[in-house]
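**Student:** Pasting the sequence and the predicted coordinates here, then a few questions.
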Amino acid sequence: MALEVNIHKTIGSFTLDVDFTCEDKYIGFMGASGSGKSMTLKCIAGIVAPDSGRIALNHRVLYDSAEKINLLPQKRKIGYLFQNYALFPNMTVIQNIGITKPDKELINDLIRKFRLDGLENRYPSQLSGGQQQRVALARILAYEPDMILLDEPFSAIDAYLREQLRDEMRETLSEYQGNVMIVSHNPEEIESYANKMAVIDQGRVLQSGTVDEVFHNPCDLQTARIVGGKKPYIAERLNADNEHLLG
Amino acid sequence: MMEILTELDWSPFWISLKTGAAATAIAFFLGIGGAALVMRISGKLQWLVDAVLTLPLVLPPTVAGFFLLIIFSVRRPFGAFLLDAFDIKVVQSWNGCVIAAVVIAFPLMYRNTRAAFEQVDFTLIQAGRTLGLAEPVILIKIILPNAAPGIISGTMLAFTRAIGEYGATAMLAGNILGKTRTVSMAIATETANGHYDVAAVWVVIIVILSFVIMVVSNRFFESKKTHTNRW
């Protein structure tokens, strides 16, 4: 299992220039809003085209500007959990989950696994945020993708439910065989999922490595700020850096 | 009054209705196809294509009729070809009524459909793509159902416009009783001949018909709405 990403894209005055590889099942991707996190995910999924570069998953080339390869999103087998879940409003829970494969047994399995019993014939607008998220994840798993991209999966969830849903989703994904990339600006979410991570700011990777490494040893002040000035050991370092900067 | 009704030649009514139905059916598919096409092209070309497709709405219908006459005249290559190869005559025929009505009603269908397409959350389309759904499946199963209210209102407007078409129809199809004389054409003819009472009967009929269509479509939307905002 290996993900290689090396992409360049310019949109107006914003330049995305991201380069990282990951051999782990999970990778965390951290950055402030507007840093290019979601754009990177969209490039990997193929719903946004980079200007140049290369993307490969398990040595399968998804995009390579030099070789003029750009697989359609339909051919990439990469599931995308959108921030707003993107459930089809005109379809019931069962129809949403079964959109890729009308396999009754599989759908029923997922309904049970995601505790959606009794909600089968509801429409997305009749579900809570947490339920919608479970339907969206079930819909992705029914498709059996090689990789799942989680785009700020808990940003739209009420704060008091976040931790519970985070743990639930991690458990569900523990049975999943493919890669998982989680994008977040919340250090606890990254920490609870990933061993490897990258920090992105203004379209560039500031630091990548193990979560421990990045959290304990941020390479510069901006990285430290992004991974969380609230953590004591980072705050300490942040202060040291500030003193250093103040001379 | 009853005398007028019993002696009335109802053919303009049926010709209008038939023309409206046929033209709306054609404009329905062309409008959806045009809107789907314009959603896929980008930048300046999109403006250009949009302007061309909307032109019949802003041009005087007689101008559209003039262009159609030039295209379909049997003395010109395309019209002659249609007549020779398929035995299809457009000028001074019911085909002309339909084509004129399609051209005039098309922009209403196209613009309403496109506005409805613009309102469909783009992440739904992206979600469909990342789930491996082919583009036609995404269009039919996701985009069209979610754009349905706009498409239906476009269809209603196209139909009311098509049954009332006058200018382009007069240029292309003429005014042959029992063949191309629609209700609008009948009103003009009867008025010109001083038969105001007969013209008035047709006016009442067309007002009632248009009103009923609008009321029915509004009722339909009211029933679909979950709440109403009143300014």
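**Tutor:** Sure thing, it's come through.
**Student:** ranges for the strands of chain A?
**Tutor:** Along chain A, counting by DSSP state E, strands occupy A:3-11, A:14-22, A:26-30, A:52-57, A:60-64, A:69-70, A:78-81, A:147-151, A:179-184, A:196-201, A:204-210.
**Student:** Distance from the chain centre to the fifth one, please.
**Tutor:** Okay, so that is strand A:60-64. Relative to its chain's centre, strand A:60-64 lies at 19 Å (C-alpha atoms, centre = their mean, to the nearest Å).
**Student:** For stretch A:6-20, list every residue counted as buried.
**Tutor:** Neighbour counts using 16 or more other C-beta atoms under 10 Å in any protein chain shown place A:Asn6, A:Ile7, A:His8, A:Lys9, A:Leu16, A:Asp17, A:Val18, A:Phe20 of stretch A:6-20 among the buried residues. (Each C-beta comes from the backbone N, C-alpha and C, glycine too.)
**Student:** Please apply the same query to stretch A:110-124.
**Tutor:** Going by neighbour count (16+ other C-beta under 10 Å), the buried part of stretch A:110-124 is A:Leu110, A:Ile111, A:Phe114, A:Leu116, A:Leu119, A:Tyr123, A:Pro124.
**Student:** Mind telling me what element the spatially most central residue of chain B is part of?
**Tutor:** Here the mean C-alpha position of chain B is nearest to the C-alpha of B:Ala105 (C-alpha atoms, centre = their mean), at a distance of 2.6 Å. Element membership for B:Ala105 (DSSP states H and E) is helix B:94-119.
**Student:** and that helix, what does it pack onto?
**Tutor:** Contacts defined by 3 or more C-beta pairs under 8 Å, 6 or more residues apart in numbering or on different chains; DSSP states H and E place helix B:94-119 against helix B:11-40, helix B:44-58, helix B:61-72, helix B:148-164, helix B:167-172.
**Student:** how about a cut-off of 10 Å?
**Tutor:** helix B:11-40, helix B:44-58, helix B:61-72, helix B:144-146, helix B:148-164, helix B:167-172 (3 or more C-beta pairs under 10 Å, 6 or more residues apart in numbering or on different chains; DSSP states H and E).
**Student:** interface residues of chain A facing chain B?
**Tutor:** Counting by C-beta under 10 Å from any C-beta of the partner chain, chain A comes close to chain B at A:42, A:45-48, A:72-91, A:95-96, A:99-101, A:125, A:136, A:139-140, A:142-145, A:149, A:151.
**Student:** Can you flag the buried ones in the residues you listed?
**Tutor:** Among the residues of chain A next to chain B, those that count as buried by neighbour count (16+ other C-beta under 10 Å) are A:42, A:45-48, A:73-74, A:76-82, A:85-88, A:90-91, A:95-96, A:99-100, A:136, A:139-140, A:142-143, A:145, A:149, A:151.
**Student:** Run the angle between the following helix or strand past the helix holding B:Ala105 and strand A:147-151 for me.
**Tutor:** Counting by DSSP H and E, the element after helix B:94-119 in chain order, helix or strand, is helix B:122-130. Orientation check (axes from the mean of the first three to the mean of the last three C-alpha atoms, to 10 degrees): helix B:122-130 against strand A:147-151 gives 170 degrees.
**Student:** and helix B:122-130, average pLDDT?
**Tutor:** What helix B:122-130 shows for mean pLDDT is 96.
**Student:** list the buried ones in that helix?
**Tutor:** B:Thr123, B:Leu124, B:Ile125, B:Gln126, B:Ala127, B:Gly128, B:Arg129, B:Thr130.
**Student:** which secondary structure elements does it contact?
**Tutor:** Using 3+ C-beta pairs under 10 Å, 6+ apart, helix B:122-130 sits against helix A:37-45, helix A:73-76, strand A:78-81, helix A:129-142, helix B:135-137.
**Student:** That one to helix B:11-40, inter-axis angle?
**Tutor:** Using the same axes, to 10 degrees: helix B:122-130 against helix B:11-40 is 70 degrees.
**Student:** angle of helix B:122-130 against helix A:37-45?
**Tutor:** 30 degrees.
**Student:** which other residues reach stretch B:8-15?
**Tutor:** B:94, B:97, B:163, B:173, B:175-187, B:189-190, B:198, B:201-202, B:205-206, B:209 (C-beta atoms under 10 Å, 6 or more residues apart in numbering or on different chains).
**Student:** Which among the residues you listed count as buried?
**Tutor:** B:94, B:97, B:163, B:173, B:175, B:180-187, B:189-190, B:198, B:201-202, B:205-206, B:209.
**Student:** what sits against B:Thr189?
**Tutor:** Counted by C-beta under 10 Å, 6+ apart, B:Thr189 has contacts B:Pro12, B:Asn175, B:Leu177, B:Arg181, B:His195, B:Val198, B:Ala199, B:Trp202.
**Student:** between those, which is nearest chain A?
**Tutor:** B:Pro12 (40.8 Å; C-beta to the nearest C-beta).
**Student:** Poorly predicted segments of chain A, please.
**Tutor:** Within chain A, the stretches falling below the threshold (pLDDT under 70) are A:1, A:229-247.
**Student:** Show me what from chain B comes close to chain A.
**Tutor:** Counting by C-beta under 10 Å from any C-beta, chain B sits next to chain A at B:120-135, B:137-138, B:141-146, B:148, B:226.
**Student:** switch the cut-off to 8 Å
**Tutor:** Selection of chain B residues close to chain A by C-beta under 8 Å from any C-beta of the partner chain yields B:121, B:123-124, B:126-134, B:141-142, B:145-146.
**Student:** Can you get me a residue count around residue 49?
**Tutor:** You didn't say which chain, so I picked chain A. Using other C-beta atoms under 10 Å in any protein chain shown, A:Ala49 has 13 other residues around it.
**Student:** Correction: the question concerned chain B.
**Tutor:** 14.
**Student:** Please report how far it lies from chain A.
**Tutor:** 22 Å (C-beta to the nearest C-beta, to the nearest Å).
**Student:** Setting aside sequence neighbours, what's the nearest residue to that residue?
**Tutor:** Take B:Val49 and drop its neighbours on the chain: the residue closest to it by C-beta to C-beta, 6 or more residues apart in numbering or on different chains is B:Val38, 5.6 Å away.
**Student:** wait, what's in contact with the one you found?
**Tutor:** The contact partners of B:Val38, by C-beta atoms under 8 Å, 6 or more residues apart in numbering or on different chains, come to B:Gln46, B:Val49, B:Asp50, B:Leu53, B:Arg114.
**Student:** Could you report the separation of the fourth one from B:Arg111?
**Tutor:** Applying C-beta to C-beta, to the nearest Å, the value for B:Leu53 to B:Arg111 is 8 Å.
**Student:** Mean pLDDT per helix and strand in chain B: which one sits at the bottom?
**Tutor:** helix B:2-7 (a mean of 78; mean pLDDT, DSSP states H and E).
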